[in-house]
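Enquirer: missing the sequence, but the structure's below:
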Ligand code: AMP
Ligand code: GLY
């Protein structure tokens, strides 16, 4: 098969690695890709939102399958546009991608179908939101902009003053743009978080192995929220009992709810769960692979990813036997010092060759923000630069291996957390 992958981050590098592992892959293109993806695929300079150019390229190059797992293009109708051009596409159509694109939609869906989530109210008027906060809210409380906000549209407010300022930030200053035309105020939940990703073909759902993300910039979960500083998989906190409860109350129920709404869901459905005292509850849905969860999930997947993608498109996922290795993986993100606020780019990265051919030993260096300079050097080009993943028989071993491998690469202002997966020492 000739495959075109849309995107160019660490997640896409991990997807690309899984695709080229398939014996069915004859040629992989990636638009736009990055310096790491360029080592295993042919990168083409077409942006993720340039649907017409993607379609033209795919037709011209006889592409058998287009793959996209990024929220903005999916919510804007990438799949619909490329399907209308006669292409086969793995990804979620616009009318179902709304499950991530609008938090008001997903909260209302959960309420209507009895899927456990935090209690909430929606608002389109800032004065009504403030009046609710003054009379009804308990603190801490959680404010969310309705739309896509690069994972940043969530404010956890400790008191009324912070919450009132938050409403103004979202609805009056429009810090998150149009994403803040509507907002949600919801109950603050406590518990451990886990990400459970699943393939869904419209009717059937098959769960992948669990993973856990570390979102805060600093050790001990301190500092600002980021796009993710590291992950581990599986999550030892995601017990068989929690899995049983989530299967009964959440997974298939969500797929059925989307069908009942006339929005059949195909693609990757990401369940962000909070394991509360009352059992697992949904924090959020995403319509795509997580980043950097994918960097610890796909290296452990044994099933041919192209078989799975095709089964999702054809509605035959029930015939796929989805298998993961019985081991563990840890991904440590190497960022530029100062991320997520202010950081420099353009630093030369050394040592990347040490990862070459090491996939068979369970070591991967996924590129997120990198590019090639004019002299053949790979340079830093973003806040999160690389994701170093290692596998091990246990999480402890995977963690030790991943931290060892973070020393193989270097660049000026390299920064990482030192406690990715540390929570597993507690148990
Ligand atoms: P989201 O973008 O919805 O995933 O929210 C980002 C992060 O905010 C989540 O991963 C949680 O850590 C936190 N969060 C969101 N909603 C809640 C909630 N209702 N209670 C506690 N924490 C939350
Ligand atoms: N790692 C969180 C996300 O992909 O949304």
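Expert: Alright, I've got the coordinates. In this text the structure is predicted, and so the values were computed from the model without any measurement. Numbers count the residues shown, from 1 in each chain. Ligands and ions are numbered 1, 2, ... in the order given.

Enquirer: OK, contacts around the residue in the stretch 51-200 of the chain positioned nearest to ligand 2?
Expert: Here the stretch 51-200 of the chain gets closest to ligand 2 at one residue, residue 151, 5.5 Å apart by C-beta to the nearest ligand atom. The C-beta positions use only the backbone N, C-alpha and C, and glycine is treated the same way. The neighbours of residue 151, taking C-beta atoms under 8 Å, 6 or more residues apart in numbering as the test, are 225, 227.

Enquirer: try it again at 7 Å.
Expert: By C-beta atoms under 7 Å, 6 or more residues apart in numbering, the contact set of residue 151 is residue 227.

Enquirer: what do you get for residue 145?
Expert: 153, 170, 176, 179-180, 183.

Enquirer: ok, it to ligand 1 distance?
Expert: Remark: distance between residue 145 and ligand 1 (C-beta to the nearest ligand atom, to the nearest Å) = 9 Å.

Enquirer: ok, back up a step: need the three-state assignment for the residue of the stretch 51-200 of the chain closest to ligand 2.
Expert: Under DSSP: H, G, I helix; E, B strand; the rest coil, residue 151 falls in the coil class.

Enquirer: ligand 1 versus that one, what's the distance?
Expert: From residue 151 to ligand 1 the distance is 5 Å (C-beta to the nearest ligand atom).

Enquirer: renumber starting at 13 from here on
Expert: All set: I'll call the first residue 13, so the last point we hit is now residue 163.

Enquirer: ok so, going back, and the contacts of residue 157, which is the shakiest by pLDDT?
Expert: Ranked by pLDDT, the contacts of residue 157 bottom out at residue 192 (80).

Enquirer: that one reaches residue 185, doesn't it?
Expert: No: in this structure, residue 192 is not within contact of residue 185 by C-beta atoms under 7 Å, at 8.5 Å.

Enquirer: give me phi/psi at residue 20?
Expert: Geometry field for residue 20 lists phi and psi as phi -170, psi 40, criterion degrees, to the nearest 10.

Enquirer: distance of it relative to ligand 1?
Expert: 22 Å.

Enquirer: list the contacts for that residue?
Expert: Taking C-beta under 7 Å, 6+ apart as the test, what residue 20 contacts is 42, 44-46, 49.

Enquirer: with distance to residue 230 as added columns, please give those in a markdown table.
Expert: Output for the contacts of residue 20, formatted as a markdown table (distance: C-beta to C-beta, whole Å):
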| residue | distance to residue 230 |
| --- | --- |
| 42 | 33 |
| 44 | 31 |
| 45 | 31 |
| 46 | 26 |
| 49 | 29 |
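
Enquirer: dump those residues into JSON lines; add secondary structure and distance to ligand 2 as well.
Expert: Shown next, in JSON lines, are these (DSSP: H, G, I helix; E, B strand; the rest coil; distance: C-beta to the nearest ligand atom, whole Å):
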{"residue": "42", "secondary structure": "strand", "distance to ligand 2": "19"}
{"residue": "44", "secondary structure": "strand", "distance to ligand 2": "19"}
{"residue": "45", "secondary structure": "coil", "distance to ligand 2": "19"}
{"residue": "46", "secondary structure": "coil", "distance to ligand 2": "17"}
{"residue": "49", "secondary structure": "helix", "distance to ligand 2": "18"}
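
Enquirer: in JSON lines: these, plus neighbour count.
Expert: Formatted as JSON lines, the contacts of residue 20 follow (neighbours: other C-beta atoms under 10 Å):
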{"residue": "42", "neighbour count": "26"}
{"residue": "44", "neighbour count": "17"}
{"residue": "45", "neighbour count": "28"}
{"residue": "46", "neighbour count": "26"}
{"residue": "49", "neighbour count": "29"}
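
Enquirer: just those residues now: which is nearest ligand 1?
Expert: Nearest to ligand 1 out of the contacts of residue 20 is residue 46 (C-beta to the nearest ligand atom; 24.4 Å).

Enquirer: these two touch, right, the closest one and residue 378?
Expert: No: the criterion here is C-beta under 7 Å, and residue 46 misses it with residue 378 at 9.5 Å.

Enquirer: one step back: what about the contacts of residue 157, which are in strands?
Expert: residue 195 (DSSP state E).

Enquirer: going by proximity to ligand 1, name the top residue of the stretch 313-439 of the chain.
Expert: residue 352 (13.6 Å).

Enquirer: can you classify that residue by secondary structure?
Expert: What three-state DSSP gives for residue 352 is coil.

Enquirer: what count of nearby residues applies to it?
Expert: 17 (other C-beta atoms under 10 Å).

Enquirer: now swap in the one 4 residues further on and tell me
Expert: A count of neighbours around residue 356, defined by other C-beta under 10 Å, yields 11.

Enquirer: same drill for residue 192 and residue 185, tell me which one is more crowded.
Expert: residue 192 (23 against 11).

Enquirer: from residue 31, how far off is that one?
Expert: 36 Å (C-beta to C-beta, to the nearest Å).

Enquirer: and for residue 411?
Expert: 27 Å.

Enquirer: before we move on, what about residue 23?
Expert: Taking C-beta to C-beta, one finds residue 23 at 13 Å from residue 31.

Enquirer: now for the residue of the stretch 163-312 of the chain found nearest ligand 2: which residues touch it?
Expert: With C-beta to the nearest ligand atom, the shortest gap between the stretch 163-312 of the chain and ligand 2 falls at residue 302, namely 3.4 Å. Contacts for residue 302 (C-beta under 7 Å, 6+ apart) come out as 207, 209, 225, 282.

Enquirer: bridging residues for the first one?
Expert: Just to be clear, that refers to residue 207. residue 223, residue 284 (DSSP bridges).

Enquirer: how many other residues sit next to it?
Expert: Neighbourhood size, residue 207 [other C-beta under 10 Å]: 27.

Enquirer: and it, what does it touch?
Expert: Contacts of residue 207 by C-beta under 7 Å, 6+ apart are 222-225, 282, 284, 302, 305.

Enquirer: cutoff 10 Å now
Expert: 220, 222-225, 240, 243, 245, 247, 250, 282-285, 295-296, 298, 301-302, 305-306, 308-309 (C-beta atoms under 10 Å, 6 or more residues apart in numbering).

Enquirer: and the last one, by the same measure?
Expert: Residues in contact with residue 282, defined by C-beta under 10 Å, 6+ apart, are 81, 83, 111-112, 207-210, 220, 223, 296-302, 305-306.
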